[in-house]
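In: Just need the structure, nothing else, for what follows:
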Amino acid sequence: MIRLLLLFVLLIAGLVAGRLLTDQQGYVLIALDNWTIEMSVVTLLSLIVGSMVLFLVAEWLFKKGWRGLGGSLNLVSRWRERRRHSAYINGMIALKEQHLVEAQKYFTRLNSQSLHGVDLLHAADATALLNQTQTSTELWEKALLDPATELAAKLHFIQLHLQEKRFDKALQLLQHLPEKYRQHPTVAQYWCEGLAAKGNWHELKDRLKGWKKILGMESYSQWMQRCSFGVFAEIASKQGAIQLKNVWQALPRSDRKDHAQQAAYVKQLIGQGMHNDAAAALVEFQNHPQPQLLPLYSQLRCKAPAAVIKQLEGWLRKDENNLKLLSALASVAFYSDNFVLAEKVLQKRLGLEADRDDLLLLAKTKEMSGQTQQAMELYKQALNNA
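Out: Numbering: from 1, shown residues only. Presented below is the predicted three-dimensional model:
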C-alpha cells in the first residue's frame with residue numbers, strides 16, 4: 001500500500017513537472033520485424049506508471065485472497081480441534097460413568113498426534129482401562145518426549161514394572177532418572193518398593209536416611225522399620241540371636257535412637273523367642289510412650305515382666321484413661337499369668353470403649369481364672385460384635 005501511494009506521488013509530481021516541458025517534444029520509436037511502435041515520451045511514461053500500478057493492485061488482491069484462504073484453513077483446523085476435544089471430554093465422562101463401550105467409541109476418534117500435556121496422560125490412562133494396551137503404550141511413549149509429562153510417563157512405566165514384578169527393570173529406570181527427579185516423593189516410594197522386593201535391605205537403609213523429609217515421618221518410619229527388620233533377620237538367621245544383639249550395640253547412637261529401628265530390633269528379638277530381652281529393650285528405649293513401640297507390648301510372653309508392668313503403670317498414672325496403655329498392660333499381665341491385674345485393667349478398658357480383641361482377652365482371663373460361665377457369655381458377646 002505504501003508503494004502504491006509513492007507511485008501516485010511520483011505520478012502527480014510528473015504531471016506538475018510535465019508542464020515545464022511542454023515545449024520539449026520527445027519521441028520514442030520501437031521497430032520490430034513486422035511491427036513498429038511510435039509514441040511520445042509522456043505516453044511511454046504513463047504506460048510504465050500504469051503497469052506498475054496494475055501490478056501492485058494485483059499483488060495486493062492476491063495477498064488478500066491468500067490470507068482469506070489461510071483463515072478458512074485455520075477455521076477448519078479449529079473446528080477439528082474442537083471436535084477432537086469434545087470427543088475427549090465425552091470419552092472421559094463416559095469412562096467415569098463406567099460406560100466403557102461409549103467411552104471406547106469416543107476415544108477411537110482421538111489422534112495420538114493431537115494430544116498434549118494432561119490430555120495425553122488422561123487419554124493414556126483411559127485407553128489402558130479399556131484394555132487398549134497398544135494405544136495406551138503409544139500414548140505413554142509419546143508423553144516421554146514431552147518435558148511437561150516426562151516424569152509422569154516414566155513413573156507410569158516404573159509402576160508397571162513393579163506391578164508385574166519386573167523389579168530389575170524398575171530399578172534400572174530409577175537409576176537412569178535425571179538428578180532433578182530423584183527427590184520426588186513418588187520416585188523415593190518406588191525406589192523403596194523395588195529395593196525391598198529385591199531384599200536389598202542395606203542399600204535401602206542407606207538411601208532412607210536421605211529421604212526422611214521427602215517421604216514424611218510416617219512413611220519413613222514404616223520403611224525404616226521394614227528394612228531394619230530385614231537386616232536384623234538376615235543377621236539372626238545367619239549368625240544367631242547373640243550376634244544380633246552385638247550388631248545392635250555396635251550401631252551408631254543415632255541409629256539406636258531411631259524408633260523405627262528400635263521397633264524392628266524388638267520384633268526380631270520376639271521372633272527369636274527372646275522375650276525377656278525384648279521386654280528389657282522396650283523399657284530401655286522409652287521414657288514416654290512411643291506409637292511405634294507400644295503395639296509390641298502385646299506380643300511379649302514374659303513370666304516375670306516386673307519392669308514392663310512398672311513402666312506401663314507409671315505412664316497410666318499420668319494418663320489413666322489411655323486406651324492403648326490399658327490394652328498393653330492387660331496383655332502383659334495376662335501372658336505373665338497375673339489374671340487378677342489383667343481382669344482389673346480390662347474391666348476399666350472396656351468400660352471406656354468397647355473393643356472386640358480386649359473383650360476376647362477378658363473372656364480368656366475369666367476362663368483361666370475358673371469363671372467358666374462368665375467366660376462363655378463374654379465369648380458370645382464378642383461373636384455378636386464381630
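In: Tell me the spatial nearest neighbour of Leu139, not counting adjacent residues.
Out: Leaving aside its chain neighbours, Leu139 sits nearest to Ala124 (3.7 Å; criterion: Cβ to Cβ, 6 or more residues apart in numbering). Bear in mind the C-beta positions are built from the backbone N, C-alpha and C, glycine included.
In: How about the contacts made by that neighbour?
Out: The contact partners of Ala124, by Cβ atoms under 8 Å, 6 or more residues apart in numbering, come to Ser136, Leu139, Trp140, Ala143, His156.
In: buried set for the helix or strand encompassing it?
Out: Assigned by DSSP states H and E, Ala124 belongs to helix 117-129. By 16 or more other Cβ atoms under 10 Å, the buried positions in helix 117-129 come out as Asp119, Leu120, Leu121, His122, Ala123, Ala124, Asp125, Ala126, Thr127, Ala128.
In: contact partners of the helix or strand following it?
Out: As assigned by DSSP H and E, the chain's next helix or strand after helix 117-129 is helix 133-144. Counting contacts by Cβ under 8 Å, 6+ apart, the residues outside helix 133-144 that touch it are 107, 112, 115, 120-121, 123-125, 127-128, 149-150, 152-154, 156-157.
In: any idea how far Pro178 is from Asp146?
Out: In this view, Asp146 and Pro178 are 15 Å apart by Cβ to Cβ, to the nearest Å.
In: Which of these two has more residues huddled nearby?
Out: In terms of neighbours (other Cβ atoms under 10 Å), Asp146 is the more surrounded of Asp146 and Pro178; the figures are 15 against 9.
In: wait, the more buried one sits on Lys154?
Out: No: counting by Cβ atoms under 8 Å, Asp146 sits too far from Lys154 to count as a contact (11.7 Å).
In: about what we covered before: now the helix holding Ala124 against helix 133-144, angle please.
Out: 160 degrees (axes from the mean of the first three to the mean of the last three Cα atoms, to 10 degrees).
In: Go through stretch 330-338 and flag the buried ones.
Out: Going by 16+ other Cβ under 10 Å, stretch 330-338 has these buried residues: Ala330, Ser331, Val332, Ala333, Phe334, Tyr335, Ser336, Asn338.
In: repeat for stretch 356-375
Out: Buried, per 16+ other Cβ under 10 Å, within stretch 356-375: Asp358, Leu359, Leu360, Leu361, Leu362, Ala363, Lys364, Thr365, Lys366, Glu367, Gln371, Ala375.
In: Show me which pair in those residues is furthest apart.
Out: By the measure Cβ to Cβ, Asp358 and Gln371 form the most distant pair in those, at 16.6 Å.
In: counting contacts, what elements does the helix or strand harbouring Asp358 pack onto?
Out: Assessed by DSSP H and E, Asp358 sits inside helix 356-368. On a contact count with 3 or more Cβ pairs under 8 Å, 6 or more residues apart in numbering; DSSP states H and E, helix 356-368 meets helix 323-335, helix 339-352, helix 372-384.
In: okay, the angle between it and helix 339-352?
Out: 150 degrees.
In: For the stretch 201-350 of the chain, give me the ranges with low pLDDT.
Out: Across the stretch 201-350 of the chain, nothing is flagged by pLDDT under 70.
In: for it, what spans make up the helices?
Out: 201-208, 212-215, 217-239, 241-250, 253-256, 259-271, 275-285, 306-318, 323-335, 339-352 (DSSP state H, counting those that start in this stretch).
In: Export those helices as CSV, with columns for distance to Gln381.
Out: Listed next are the helices of the stretch 201-350 of the chain as CSV, based on distance: least, Cβ to Cβ, whole Å:
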stretch, distance to Gln381
helix 201-208, 44
helix 212-215, 42
helix 217-239, 34
helix 241-250, 41
helix 253-256, 44
helix 259-271, 30
helix 275-285, 30
helix 306-318, 25
helix 323-335, 17
helix 339-352, 10
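In: Looking at the ones you listed, which is nearest to Tyr297?
Out: Using Cβ to Cβ, these put helix 323-335 closest to Tyr297, at 3.8 Å.
In: So which elements touch that closest one?
Out: helix 306-318, helix 339-352, helix 356-368.
In: Need those helices in a markdown table (columns: distance to Ser237).
Out: A markdown table is the format used below for the helices and strands packed on helix 323-335 (distance: least, Cβ to Cβ, whole Å):
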| stretch | distance to Ser237 |
| --- | --- |
| helix 306-318 | 27 |
| helix 339-352 | 34 |
| helix 356-368 | 31 |
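In: I'd like to know which of the ones you listed is closest to Leu61.
Out: Comparing those against Leu61 with Cβ to Cβ, the closest turns out to be helix 356-368 (89.5 Å).
In: the inter-axis angle of that closest one versus helix 372-384?
Out: Using the same axes, to 10 degrees: helix 356-368 against helix 372-384 is 160 degrees.
In: In PDB, list the C-alpha atoms belonging to helix 356-368.
Out: Output in PDB follows, covering the C-alpha atoms of helix 356-368 (Å, rounded to 0.1, in the frame of the first residue of the first chain):
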ATOM      1  CA  ARG A 356     -13.500 -57.000  70.500                       C
ATOM      2  CA  ASP A 357      -9.900 -58.000  71.000                       C
ATOM      3  CA  ASP A 358      -9.900 -56.900  74.600                       C
ATOM      4  CA  LEU A 359     -13.300 -58.500  75.100                       C
ATOM      5  CA  LEU A 360     -11.900 -61.800  73.900                       C
ATOM      6  CA  LEU A 361      -8.900 -61.300  76.200                       C
ATOM      7  CA  LEU A 362     -11.200 -60.700  79.100                       C
ATOM      8  CA  ALA A 363     -13.100 -63.900  78.300                       C
ATOM      9  CA  LYS A 364      -9.800 -65.800  78.300                       C
ATOM     10  CA  THR A 365      -8.900 -64.200  81.600                       C
ATOM     11  CA  LYS A 366     -12.200 -65.400  83.100                       C
ATOM     12  CA  GLU A 367     -11.700 -68.800  81.700                       C
ATOM     13  CA  MET A 368      -8.100 -69.100  83.100                       C
END
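In: With that, I have no additional questions.
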